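Asker: Provided below are the primary sequence and the corresponding predicted coordinates.
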Amino acid sequence: MLTSSKYFSRIGTSAVFAAASLFGMSAHATDITGAGSSFVYPVLSKWSAGYAEKTGNKLNYQSVGSGAGVAQIKEGTIDFGATDAPLKAEDLASFKLGQFPVVVGGIVPVVNIPGIKADQVKLDGETLADIFLGKITNWNDPKIAALNAGLALPAKKITVVHRSDGSGTSFNFTNYLSKVSKEWADKVKFGTAVEWPTGVGGKGNEGVSQYVKQIQGSIGYVEYAYAKKNAIAWVDLKNAAGQFVTPSADSFAAAAATADWASAKDFNVIMTNAPGAQAWPITATTWVVMYKTPKNAEHSKVAFEFFKWALNNGQNDAASLDYVALPATLVQKIQAYWGSEFKH
Amino acid sequence: MQANEAAAAVPIQEVRAHRDARDDRLFGWLLKGCALLVLASLLGAAGATLWGGRDAFMHFGFGFLTSSEWNPSDDVYGALVPVFGTLITSFIALFIAVPVSFGIALYLSEVAPPWLRTPVSSAIELLAGIPSIIYGMWGLFVFAPFFADHVKPWLTSYLGNQPDDGKVSWVAEHIPFIGRMFGNDNPFGGSVLTAGIVLAIMIIPFISSVMREVFQTVPTRLKESAYALGSSTWEVVWDIVLPYTRSAVIGGIFLGLGRALGETMAVTFIIGNKMKLSPSLLDPGASIASTIANQFGEAAGLQKSALMALAFLLFVVTFIVLMIARLMLRRLAHKEGR
């Protein structure tokens, strides 16, 4: 879903465009446009359909990638941008922008080892980083065995599969590895695209999951919804609190609830390696970026109403797509931020 | 009366001639405009990519061409891996597609029974119309796994220098480079070679339909004279048909090559997208177009500029390849004394 093939999503958006231009003339409906992250595209589409039914206001969202979304909002050609990586305080200040998270999702390491099912393999952050650094090259490595007492892993070569396209999934995954492995932080660092020390690259979630399915002994990482739909075996991870957790809506919610939102300005928190006892360590969110003093006040007002509606009523839609709605305390904080930072 | 009529007719003819000349001029300008439009868009596109890539060219200088590093986190970029990948996949594609297309075209124009020609040639034209993403999906979901299970093990154990059983074959030991070209130890179907094969399948329709068309332009009396002198079909093809159509055949081949150089989606799906130089054809790699398709969406700053610079290099590579084609044609013409 995170870049669920840009081709198809673009076809989707143009269809929305066509539909909007055909039917959008009725009554006083306002069309707002946004662009950016493909991570939120499915849930935004679902929310906008529900919202259009209720109010007649339509949302056109182009899932062109976070980088392009940020570029477009800086140029002021859209009403809001959506990005998987938060903007820095300087950027926000110089363009007079504000940002807030809208929805939470999880990223899971997936493996293809003969006879191994989901939740059977357990890894900690450092081991995962060593695998992706190419330092651990075999599934029967003592470091992996030490974490998986009682599970017989074959002497099979590990093939690393990573994203070949720039993506928010890679951003959050590499951010997590940077937090748990000093070597990763020094050598590879984190970003939407990095110089991968080893492995092959698949395009999009579907590319990675397809490669993982094809290659015995492979390990990759995809969005949770994608792994679930395609029944690929995921791995349990040891979180910052030292607990092994399984990826689920609950553990993503636990990460969102325990991330350090209180001390962060403009919600600039990357949620990976969250401290909660039940928190899934690679949990991600997408930020919506908007002008504090809108260029088009009417559009901006509709956009805020939309997000207000979505944050308060969109939980079921989010859950049906395996996203997790933001915790209530965070929603309150965001609404307070709207009041104090944005001019409606 | 007659004199009057003649006097009246002259201006009419003059007016017509005048109008015709004006229309001709207008028509000429229109045609010139159409031709210049192509030139303008070509120069515009080349100029725009050069302008977009100026930061990368200035920042890395000549090293951009020779560096194999591509590191977005440190903002260090080099074009060697994608340029190499583009050339090698296109070369593999031509290596396979040219003989096969030649066979298809010959069969259809010389050997096949007439009732078979039309359906097969329309099938080839349909094949040319399939969008490249379909080839990419097919390559990823069907061909790559098949290749990994059935073709690759054979290649690595009989030609590679890292066979599964550890016994290096005679070929790998005695012929230089072969062992390294097929040496590989990852159990993965996507590779430079797989991408080249899928590209070959994509360009076969182009090359073979051009070849078939030009083979049909060979005058029947030339062929029949040769047959009358007792030539075999092969001799007629090699000594009459090919020399007669040589330049058009080469043109068709380069049309296919042009498509292979720029092909994006299909290659992106199956080349494995690894920014590392490797002598092995069975290792994953990257091409210029696949790198741009992968990274453009999320790129900013110097990375975006480096991708634009790559696009400009694709122009340059295509231009050089076409120049070589022109030179080849000229030398052929020269040799034939034309």
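Answerer: Perfect, thanks for sending it.
Asker: quick one: least confident helix or strand in chain B?
Answerer: One helix or strand of chain B scores below all others by mean pLDDT, DSSP states H and E: helix B:170-174, with a mean of 77.
Asker: Touching that one from outside, list them.
Answerer: With contact meaning C-beta atoms under 8 Å, 6 or more residues apart in numbering or on different chains, helix B:170-174 is reached by B:158-161, B:163, B:178-179, B:182-183. The C-beta positions use only the backbone N, C-alpha and C, and glycine is treated the same way.
Asker: Mind checking which of those residues are buried?
Answerer: Those of the contacts of helix B:170-174 that meet the buried threshold are B:159-161, B:163, B:178-179, B:182-183, by 16 or more other C-beta atoms under 10 Å in any protein chain shown.
Asker: ok, the residue of chain B found nearest chain A - contacts?
Answerer: Of all residues in chain B, B:Glu298 sits closest to chain A, at 2.8 Å by C-beta to the nearest C-beta. By C-beta under 8 Å, 6+ apart, B:Glu298 lies in contact with A:65-68, A:165-167, A:192-193.
Asker: What separation do you get for it and A:Phe171?
Answerer: 8 Å (C-beta to C-beta, to the nearest Å).
Asker: Now do the shared contacts for those two.
Answerer: Contacts common to B:Glu298 and A:Phe171, judged by C-beta under 8 Å, 6+ apart, are A:Thr192.
Asker: Can you name the residue of chain A nearest to chain B?
Answerer: A:Gly166 (2.8 Å).
Asker: follow-up on the earlier one: leaving aside the residues adjacent along the chain, what's closest to the residue of chain B closest to chain A?
Answerer: Leaving aside its sequence neighbours, B:Glu298 sits nearest to A:Gly166 (C-beta to C-beta, 6 or more residues apart in numbering or on different chains; 2.8 Å).
Asker: same check, this time on A:Ala129
Answerer: A:Ser181 (3.3 Å).
Asker: In contact with that neighbour, which residues?
Answerer: A:Ser181 touches A:125-126, A:129-130, A:133, counting by C-beta under 8 Å, 6+ apart.
Asker: next one: phi and psi at it?
Answerer: Dihedral pair for A:Ser181: phi -130, psi 120, per degrees, to the nearest 10.
Asker: Could you report the pLDDT at it?
Answerer: A:Ser181 carries a pLDDT value of 95.
Asker: so what's the spatially most central residue of chain A bridging to?
Answerer: Chain A has A:Ala284 as the residue nearest its centroid, 4.4 Å off, counting by C-alpha atoms, centre = their mean. For A:Ala284, the beta-bridge partners under DSSP bridges are A:Gly105.
Asker: Distance check, it against A:Pro86.
Answerer: 11 Å.
Asker: Common neighbours of the two, please.
Answerer: With C-beta under 8 Å, 6+ apart, A:Ala284 and A:Pro86 have no common neighbours.
Asker: got the residues of chain A near chain B?
Answerer: A:3, A:6-7, A:64-68, A:70-71, A:157, A:159, A:164-167, A:188-196, A:199-203, A:207, A:210-211, A:214-217 (C-beta under 8 Å from any C-beta of the partner chain).
Asker: hmm, back to that, now, the contacts of helix B:170-174 that are in helices?
Answerer: Under the assignment DSSP state H, the contacts of helix B:170-174 contribute B:158, B:178-179 to helices.
Asker: want to throw those into CSV with distance to B:Leu36 and pLDDT?
Answerer: Below are the ones in helices among the contacts of helix B:170-174 laid out as CSV (distance: C-beta to C-beta, whole Å; pLDDT from 0 to 100):
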residue, distance to B:Leu36, pLDDT
B:Tyr158, 55, 83
B:Ile178, 50, 80
B:Gly179, 53, 80
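Asker: can I get the residues you listed in TSV with distance to chain A?
Answerer: Converted to TSV, the ones in helices among the contacts of helix B:170-174 look like this (distance: C-beta to the nearest C-beta, whole Å):
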residue	distance to chain A
B:Tyr158	21
B:Ile178	23
B:Gly179	20
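Asker: Let me know the closest of those residues to B:Asp23.
Answerer: B:Ile178 (65.4 Å; C-beta to C-beta).
Asker: wait, doesn't B:Thr194 sit right on B:Leu140?
Answerer: No - with contacts counted by C-beta atoms under 8 Å, B:Thr194 stays clear of B:Leu140, the gap being 9.5 Å.
Asker: what touches both of these two?
Answerer: Contact criterion C-beta under 8 Å, 6+ apart; residues shared by B:Thr194 and B:Leu140: B:Ile270.
Asker: Looking at these two, which is more packed in?
Answerer: Neighbours per residue (other C-beta atoms under 10 Å in any protein chain shown) separate B:Thr194 from B:Leu140, with B:Thr194 holding more: 30 against 25.
Asker: Name all residues that make contact with that one.
Answerer: B:139, B:143-144, B:147, B:270-271.
Asker: try it again with 10 Å
Answerer: Counting by C-beta atoms under 10 Å, 6 or more residues apart in numbering or on different chains, B:Thr194 touches B:89, B:92, B:139-140, B:143-144, B:146-148, B:151-152, B:188, B:267, B:269-272, B:281-282, B:284.
Asker: What is the burial count for residue 259?
Answerer: Let's take chain A. 25.
Asker: was after chain B, sorry
Answerer: For B:Arg259, the neighbour count with other C-beta under 10 Å is 19.
Asker: For it, which non-adjacent residue is closest in space?
Answerer: Nearest one to B:Arg259, counting by C-beta to C-beta, 6+ apart, is B:Ile203 at 5.4 Å.
Asker: For the stretch 101-250 of chain B, which residues are neighbours of chain A?
Answerer: B:131, B:133, B:136-137, B:140-141, B:144-145, B:148-149, B:185-191 (C-beta under 10 Å from any C-beta of the partner chain).
Asker: Weed out the non-buried ones from the residues you listed.
Answerer: Buried among those (16+ other C-beta under 10 Å): B:133, B:136-137, B:140-141, B:144-145, B:148, B:186-191.
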